[in-house]
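**Student:** Give me coordinates for this.
(chains A and B)
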Protein chains: 2
Amino acid sequence: MKTFLTTTALCAGLIAGTAQAETWNLQSTYPGSLPQLGTLGKRIAEQVTKITDGEIELVFQEPGAIVPALEVFDAVATGAVEAGWSTPGYWAGRVPALQLLAAVPFGPQAGEYMAWMKFGGGQDFLDELYEPNNIKSLPCAVIAPEAAGWFRNPVNSPEDLQGLTMRFFGLGAKVMEKMGVSTQLLAGGDIFPALELGTIDATEFSMPAIDLNLGFYQVASEYYFPGWHQQSTFFDLMINLDLWESLDESTQFKLETVCDANLAFGLAEGEALQFSALQELEANGVNINTLSDEMLDALQAAWEEVAAEEAANDADFARVYESYTQFRENYAVWGELGYLK
Amino acid sequence: MKTFLTTTALCAGLIAGTAQAETWNLQSTYPGSLPQLGTLGKRIAEQVTKITDGEIELVFQEPGAIVPALEVFDAVATGAVEAGWSTPGYWAGRVPALQLLAAVPFGPQAGEYMAWMKFGGGQDFLDELYEPNNIKSLPCAVIAPEAAGWFRNPVNSPEDLQGLTMRFFGLGAKVMEKMGVSTQLLAGGDIFPALELGTIDATEFSMPAIDLNLGFYQVASEYYFPGWHQQSTFFDLMINLDLWESLDESTQFKLETVCDANLAFGLAEGEALQFSALQELEANGVNINTLSDEMLDALQAAWEEVAAEEAANDADFARVYESYTQFRENYAVWGELGYLK
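**Tutor:** Residues are numbered from 1 along each chain as shown, chains lettered A, B, ... in the order given. Modelled structure (predicted):
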C-alpha cells in the first residue's frame, strides 16, 4: 500500500507536467465591461481555460493593457501576445478583404452569414487571408443587427446627411462618405467625449444595449434603425499561427468548440438584450426613428458603388465578394420561400 | 532513469484509471443517415467522445437498436440507455408543455427562439418539466424552417384541406385537425410507403434537404412553403438525470459546450443545404408553391384556438405559453426595428 501511495504522489507531479499548463494573454480591442463586445471576449477567456482543464489559462487583457486596441493584429502576428479578441473588420488597412468577413452593408442576417462562413467558403478565405500574416482566426461571436446611428437632429432625407461629421466603422464608412459625410473611426471609449464636444455630429457604434452602456443618449436624441451597414457582425479569436500549429488536435478542437458555442450564446444574448434597452432609452427621452425608404435606397446605391470600387482596387476583395454574392443569390431562393413574412 | 521509467509506466495505468472511461449509448429517434436530424446526432456522439478525451465514449444507436424511437423517453428515464437524441416535441403524450420547447406554429425564428430558451426562461422550464421524469435535457440543435408539406394535388384554399389524411407532427397537427384534416404521426421511414400506398394523402416532415433524402417527390408533386408550423425546431440531448448529477462540473460543462456549438453548426448547415435541394426537387418535376394569405390566416386563427385549448387543459402548458408569449411581445419591438425588411 505504501508503494502505491508513493507512486500516486509521483504521478501527480508527472500528470501536472504532462498537462504543460501555459498562460496566454488575450489582448482585447473592446473593454471587458462592454455588453457583448467585451463580455463575450471575457467569456471566451474563461471557457478556454475551463475546457482545456487549465492546460491553457487564457487571460483577458483590457485594451491597452499590453498593446493598444488597433495594434492587436501585429501583436498576435509577432507573438507579442498569444491571442487577440477583435473583429476582422478592424484590419481593413492591412487586408481589405477581411472586411467582408466581419460585416457587410445590406448584408445577411446571422444564420445566412454563418452558413456562408462555415459551408460557403468564408472560413477558407479567413484562413487564406490571415495565414501570410501568421495569424489563425476562429469566428467566435456573431451578433444581432446594430442600429444605424445617433444624430443630434433628425435626418429625413439624403440631403440631411451632407456635411455631417460622423464616427463610422468598416465598409459602411465608405458608403457614408459617398453620401457626403466625413467619417472617422473612433474606439468605443472615445466616442462619447467627441460627440459631447461637437468634434463629431453623429455616431454609429453598436446595438441598443451596448449604445445605452456608452451613454450616447445623453448627448444625442435621434436614434435610427435599421442598421443597414451591420445586420450581423462577426468577431474572432485570433491566435498566433505558430502557436496554433504547435497545439495538438484535441486542444485545437476544444478551442474551435468553445468558439462555436460562443456563436450561439452571443446571438441568443444579443436578441434578448435589446428590447429592455430600447425601453430604457425611450424613458430617457430618445426618439426611436426608422430610416425612410428614400434614405435606404440611396444608401444601397452608394454601397453598390463602393463594392465595385473596392473589388476593382483589390483582387482578394473581388474574389471574396464574388463568393459572397453568389452564395447570397442562391440563398435568396430559400430565404424567400422558407420564412413567414 | 530506470526508476523514472518504471514510475511512468505505473502512472500510465493510474491515469487511465483516473479517467474512468465509460461507454454511453445514445439512442436516437432519427436514422443516422438523415441530413441534420440524424447527422447532427452522430456529430454530437463524436464530439462528446472527443471533448472528454474519451472519458465518455458516446455511441450513436440507430432507431430501434436498443429501444424503438418513441420509447426513448422511458429508456433514458430508467437508465436503460444513458442518453437519447430527440426533440422535446415527441413527448406530448407525457408532458404536453414540452411541445412549446420544440417548435411552435407561427413561432419564432432560430435567433429569437434561442434568446427565449437561454435568456427568457425556456431552459428553466425544460429543466423543471423533465426533472420529475429523471431526465436532464440540453438543447443541442436548432434548425432552419421546415416546409409546410407535400400534397398530391394543389391546396389553394382551406376547403381543399378538408377530408385529407396527413402525417403531421406536434402542435401543428392539432391545427390541421381544426382545418378538417385527419392527422397521424409517423416516423420518418414509415412516411414514404404510407404516401405511396395512399394510406395518407399528404405529409409534412422537414426541410427540402431532408425531404429530398426521403424521396417524397417520387409520390407527391406539390410542395408548399412556408412551414408555418415549424419556423425553427429544437432537438435535445437527453441524459439520465442520476447519471448527469454524478458527473463532475468540468464534464457537465464540456457536454453543455458541445451542445451550444452544435446549435450554431446545425443552424448554419440548415441554411446552407436548402437551395441546392430545392433545385434538385424542381429538376425532378416538383412544383414549389407558396401558401395563400387566405390559407395562412385560417391556419393562424386555428392555431390560436388550439393554443387556448391546450392552455386550458394543462397548467404547465399555460405557464410556459404565457412566458413565451410575453417574451415574443417584447421581442417584436426590437425585431421590427432592427432588421431590414
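
**Student:** Run the chain-centre distance for stretch A:240-254.
**Tutor:** 23 Å (C-alpha atoms, centre = their mean, to the nearest Å).

**Student:** For that stretch, could you pull out the residues that count as buried?
**Tutor:** The neighbour-count criterion (16 or more other C-beta atoms under 10 Å in any protein chain shown) identifies A:240-241, A:243-244, A:247, A:251, A:254 as the buried residues of stretch A:240-254. All C-beta atoms are positioned from the backbone trio N, CA, C, and that covers glycine.

**Student:** Identify the single longest helix in chain A, thanks.
**Tutor:** Counting by DSSP state H, the longest helix found in chain A is helix A:249-283.

**Student:** now the helices for chain A?
**Tutor:** Along chain A, counting by DSSP H, helices occupy A:2-19, A:39-51, A:72-78, A:110-119, A:122-130, A:170-178, A:188-197, A:208-214, A:241-246, A:249-283, A:293-313, A:315-338.

**Student:** Turn those helices into a markdown table, including mean pLDDT and distance to A:V142.
**Tutor:** Formatted as a markdown table, the helices of chain A follow (pLDDT from 0 to 100; distance: least, C-beta to C-beta, whole Å):
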| stretch | mean pLDDT | distance to A:V142 |
| --- | --- | --- |
| helix A:2-19 | 43 | 32 |
| helix A:39-51 | 98 | 10 |
| helix A:72-78 | 98 | 19 |
| helix A:110-119 | 98 | 5 |
| helix A:122-130 | 98 | 11 |
| helix A:170-178 | 96 | 15 |
| helix A:188-197 | 93 | 19 |
| helix A:208-214 | 96 | 15 |
| helix A:241-246 | 98 | 21 |
| helix A:249-283 | 97 | 5 |
| helix A:293-313 | 98 | 21 |
| helix A:315-338 | 97 | 15 |
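
**Student:** how about JSON lines for the ones you listed, with distance to chain B added?
**Tutor:** JSON lines is the format used below for the helices of chain A (distance: least, C-beta to the nearest C-beta, whole Å):
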{"stretch": "helix A:2-19", "distance to chain B": "4"}
{"stretch": "helix A:39-51", "distance to chain B": "6"}
{"stretch": "helix A:72-78", "distance to chain B": "23"}
{"stretch": "helix A:110-119", "distance to chain B": "4"}
{"stretch": "helix A:122-130", "distance to chain B": "10"}
{"stretch": "helix A:170-178", "distance to chain B": "13"}
{"stretch": "helix A:188-197", "distance to chain B": "20"}
{"stretch": "helix A:208-214", "distance to chain B": "8"}
{"stretch": "helix A:241-246", "distance to chain B": "18"}
{"stretch": "helix A:249-283", "distance to chain B": "3"}
{"stretch": "helix A:293-313", "distance to chain B": "8"}
{"stretch": "helix A:315-338", "distance to chain B": "4"}
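
**Student:** looking at the ones you listed, which is closest to B:L273?
**Tutor:** Of all the helices of chain A, helix A:110-119 sits nearest to B:L273, with 7.7 Å by C-beta to C-beta.

**Student:** relative orientation of that closest one and helix A:122-130 in degrees?
**Tutor:** In terms of direction (axes from the mean of the first three to the mean of the last three C-alpha atoms, to 10 degrees), helix A:110-119 departs from helix A:122-130 by 60 degrees.

**Student:** Against which helices or strands is helix A:110-119 packed?
**Tutor:** Here helix A:110-119 touches helix A:122-130, strand A:135-143, helix A:315-338, helix B:110-119, helix B:249-283, going by 3 or more C-beta pairs under 8 Å, 6 or more residues apart in numbering or on different chains; DSSP states H and E.

**Student:** Columns distance to B:W150 on top of these, output as CSV?
**Tutor:** CSV is the format used below for the helices and strands packed on helix A:110-119 (distance: least, C-beta to C-beta, whole Å):
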stretch, distance to B:W150
helix A:122-130, 33
strand A:135-143, 33
helix A:315-338, 14
helix B:110-119, 23
helix B:249-283, 10
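
**Student:** wait, which of those is closest to B:I191?
**Tutor:** Using C-beta to C-beta, the nearest of the helices and strands packed on helix A:110-119 to B:I191 is helix B:249-283, at 16.0 Å.

**Student:** List the contacts of the residue nearest to the spatial centre of chain A.
**Tutor:** Nearest to the geometric centre of chain A sits A:F235, at 3.3 Å (C-alpha atoms, centre = their mean). By C-beta atoms under 8 Å, 6 or more residues apart in numbering or on different chains, the contact set of A:F235 is A:37, A:40-41, A:85-87, A:139-143, A:266.

**Student:** For it, which non-adjacent residue is spatially closest?
**Tutor:** A:A141 (4.0 Å; C-beta to C-beta, 6 or more residues apart in numbering or on different chains).

**Student:** Over to A:A307?
**Tutor:** A:Y321 (6.3 Å).

**Student:** Could you report the neighbour count for that neighbour?
**Tutor:** Using other C-beta atoms under 10 Å in any protein chain shown, A:Y321 is surrounded by 19 other residues.
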